[in-house]
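Undergrad: fold the following and give me the result.
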Amino acid sequence: MSEFDAATAVHRVAEGRYRADLDPGFAFGGVINGGYLMALLTKAAHDASPFPHPISTATTFLRAGRGGPAEITVETLRAGRSVATLRLAVVQEGRTLLDATMTTGTLTAGAAAGWAGAAPAMPALDECSTPARRPGGDSFADRVELRFDTSTLGWLDGRPIGRPEMRGWFRLPGHEPDAAVLALAVDALPPVVLNLGVKGWAPTVELTWHMRGVPAPGWLAMHAGGRLFSDGWFDEEVEIWDSAGRLVAQSRQIARAGRG
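TA: I've put the predicted structure just below:
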C-alpha cells in the first residue's frame, strides 16, 4: 500500500457509511486540502457504486476540515445500466465539511479520442522549479512532487505576472495516477489570483471536476487559468494531461480571494 493509499483509506462501517482519518499531511496551515477530501469521496464512491470512475463530481465546500477522524456518507440517487448518480458528504465532529453529487461510469483505458485539442505548451521537467521536499515530512509539499513552470512563479518574488495563470508537473511518490490522484491534482496548484497580486487565503466555495480518461503512468501536466476576478470572487479552470499527451481531467471552481 502506498503512502497515498494509506492516507485516503476508507472503511465501510454500515451501508452508505464509511470511516476515514483525515491526514494532516495534506493540509495547508492546518486546513485539509479540498482535493484530498475529493479523493476520499472518490474512494468511497468506488466501493459504493457499480461503476468505477467518477465521470463528474460537483462539490460544495461548507467548512474547513482538520486532521482526525471523519465520516463519509454515500446515498445512491439513481443507478442505471451505464451510469449511477450518488450524493456524498464528509462529516467531522457532527459538521458537514463538504457536500457533493457524483456521476460514475466506466472509461476505457487508452481509448482513442474522436477529437482532441492540443495540450498547452509546457517546459521540460528539468527546466522547472522544484520546491524543497522532505521525504517522510508532514506537509502537503512533502507528500506530493510538484515542479512549477518558472514563468508562472513571479508571485513568489513579489512580482506577479499580471495574469491568473499557474502551470506545473505533478505526481505522487510510489503511486501511479488514478481517479483519486486526479481528484487531488485538480486542486493542487496555488490559486491563480496570486499572480494578480492577491494575497491571503483563497477558499474554494464550489468545484466541479470531470474525469475524461484513465491516465497513463508517469507525470501529470497541469494548466490552470482564470477568466474573471471581480468583487472578491475569482474562477479557476484546470486541465490535467497525462504522460501520453491525453486530457484526463478538467475542473472549474469559484472561490473567494484575499481573506487574510
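
Undergrad: CA only for contacts and neighbour counts going forward, please
TA: Fine.

Undergrad: quick check: phi and psi on residue 155?
TA: Torsion angles at residue 155 (phi, psi; degrees, to the nearest 10) stand at phi -60, psi -30.

Undergrad: actually residue 214, not the one I typed
TA: Dihedral pair for residue 214: phi -80, psi 120, per degrees, to the nearest 10.

Undergrad: surely it touches residue 248?
TA: Yes. Taking C-alpha atoms under 8 Å as the definition, residue 214 is a contact partner of residue 248 at 6.5 Å.

Undergrad: wait, isn't residue 78 in contact with residue 87?
TA: No. Using C-alpha under 8 Å, residue 78 makes no contact with residue 87, being 9.8 Å away.

Undergrad: neighbour-wise, which of those two wins?
TA: Between residue 78 and residue 87, counting by other C-alpha atoms under 10 Å, residue 87 is the more crowded of the two (20 against 11).

Undergrad: okay, now residue 232: neighbour count?
TA: By other C-alpha under 10 Å, the residues close to residue 232 number 12.

Undergrad: identify the residues contacting it.
TA: 256, 257, 258 (C-alpha atoms under 8 Å, 6 or more residues apart in numbering).

Undergrad: return the set of residues that bridge with residue 99.
TA: Per DSSP bridges, residues listed as beta-bridge partners of residue 99: residue 60, residue 89.

Undergrad: what's the burial count for it?
TA: 20.

Undergrad: if I look at it, how far off is residue 75?
TA: In this view, residue 99 and residue 75 are 11 Å apart by C-alpha to C-alpha, to the nearest Å.

Undergrad: could you check the pLDDT of the residue in the chain sticking out farthest from the centre?
TA: Distance from the C-alpha centroid of the chain peaks at residue 81, with 27.9 Å (C-alpha atoms, centre = their mean). Looking at residue 81, its pLDDT reads 96.

Undergrad: repeat for residue 226
TA: Here, the pLDDT recorded for residue 226 equals 97.

Undergrad: surely it and residue 165 touch.
TA: Yes. The pair residue 226 and residue 165 passes the contact test of C-alpha under 8 Å, sitting 6.8 Å apart.

Undergrad: and the two? which has more neighbours close in?
TA: Of the pair residue 226 and residue 165, residue 165 is the one with more neighbours under other C-alpha under 10 Å, namely 24 against 20.

Undergrad: identify the residue spatially nearest to that one, adjacent ones excluded.
TA: Using C-alpha to C-alpha, 6 or more residues apart in numbering and skipping residues adjacent in sequence, the residue nearest residue 165 is residue 225, 4.5 Å away.
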